[in-house]
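**Student:** sequence plus predicted model, see below.
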Amino acid sequence: MKPMTDLEYVDNEGLLCPYCGHDEVTGDSPQVDGMMVTLDVTCESGECRKQWSDRYALAGYDAPEKNASEDYDGLTCYPSLYSFAKRLNEAWEENEGLDWQEAEDLVSMLRKTETDNGAASELEVLRSEILAYCDDNEDWDSGEVARWPNLIMIALDDNSAGLMKENIDDGCQVFDLRLSGKKEWVASFNQENLAIVFIGLYQ
Ligand SMILES: [Zn+2]
């Protein structure tokens with residue numbers, strides 16, 4: 001018989017040794033075998049050192065994000081477009097060459113991205129240029145295509161989506177939200193009202 005039931009073990013989020021109750025356990029890397037994922041775990045208690053396997057089950061799937069943009073406190077930014085461009089930029093540099101499937105994925109992501117808000121004008125220009133190039137050219141030039149991820153990153157890094165506020169602890173922090181989704185701290189206020197006035201003045 002097992003020293004702890006599965007229900008009790010899951011209730012403890014798998015963080016307690018089922019043999020001695022010690023709260024320091026270390027998991028190995030997960031082993032995937034079809035529908036089954038297991039993970040060997042060791043109790044770190046010096047007197048116990050027992051080993052067992054965690055068992056994970058498939059819980060469902062997530063559909064890919066439809067839109068590359070996200071709304072944040074009423075402002076639109078493009079974190080998933082940014083992270084995809086960044087990933088391609090790094091991978092293409094490392095492989096010293098681009099991947100055509102990834103380039104097509106980037107273009108289809110751009111096609112689905114709505115950039116018709118005032119803050120994203122530089123991205124809008126770049127997007128139109130890239131999409132026009134794709135429509136006009138059957139064969140893409142690798143030198144041209146290889147520049148796109150970096151140009152997209154620059155357009156998202158360099159431009160602000162606007163100022164936003166966030167209540168953190170007792171204060172209200174104002175951030176400059178970049179189109180990339182990064183937040184740059186601007187000012188702190190002890191009252192939310194003051195932050196709203198500040199944003200109204202500078203936005
Ligand atoms: Zn133990």
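**Tutor:** Received the coordinates, thanks. Residues are numbered from 1 along each chain as shown.

**Student:** how many neighbours does Glu8 have?
**Tutor:** 12 (other Cβ atoms under 10 Å). In short, each C-beta sits where N, CA and C put it, glycine included.

**Student:** that's a strand at it, yeah?
**Tutor:** No - going by DSSP: H, G, I helix; E, B strand; the rest coil, the assignment for Glu8 is helix, not a strand.

**Student:** who's in contact with it?
**Tutor:** Pro18 (Cβ atoms under 8 Å, 6 or more residues apart in numbering).

**Student:** and it, what pLDDT?
**Tutor:** Note on Glu8: pLDDT of 95.

**Student:** same question for Tyr61.
**Tutor:** pLDDT at Tyr61 comes out at 79.

**Student:** near the ion, which residues of this structure are found?
**Tutor:** Contact residues (Cβ under 5 Å from the ion) of the chain with the ion: 17, 19-20, 22, 43, 45, 48.

**Student:** now those: which count as buried?
**Tutor:** 17, 19, 22, 43, 45 (16 or more other Cβ atoms under 10 Å).

**Student:** can I get those in TSV including secondary structure and pLDDT?
**Tutor:** Formatted as TSV, these follow (DSSP: H, G, I helix; E, B strand; the rest coil; pLDDT from 0 to 100):
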residue	secondary structure	pLDDT
Cys17	coil	97
Tyr19	coil	96
His22	coil	96
Cys43	strand	97
Ser45	coil	95
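
**Student:** what is the nearest of these to Asp139?
**Tutor:** Using Cβ to Cβ, the shortest approach to Asp139 within those belongs to Cys43, at 60.0 Å.

**Student:** wait, the closest one touches Gly21, no?
**Tutor:** No - taking contacts as Cβ atoms under 8 Å, Cys43 lies outside contact range of Gly21: 9.4 Å.

**Student:** buried residues in the helix or strand of the chain with the lowest mean pLDDT?
**Tutor:** Ranking every helix and strand in the chain by mean pLDDT, DSSP states H and E puts strand 70-72 at the bottom, with a mean of 78. By neighbour count with 16+ other Cβ under 10 Å, strand 70-72 contains the buried residues Tyr72.

**Student:** and that strand, which strands flank it?
**Tutor:** According to DSSP bridges, strand 70-72 has the following sheet partners: strand 75-77 (antiparallel).

**Student:** and whatever helix or strand comes next after the partner strand, what does it pack onto?
**Tutor:** Downstream of strand 75-77, the first helix or strand assigned by DSSP states H and E is helix 79-94. For helix 79-94, the elements it packs on are helix 100-112, helix 148-158, judged by 3 or more Cβ pairs under 8 Å, 6 or more residues apart in numbering; DSSP states H and E.
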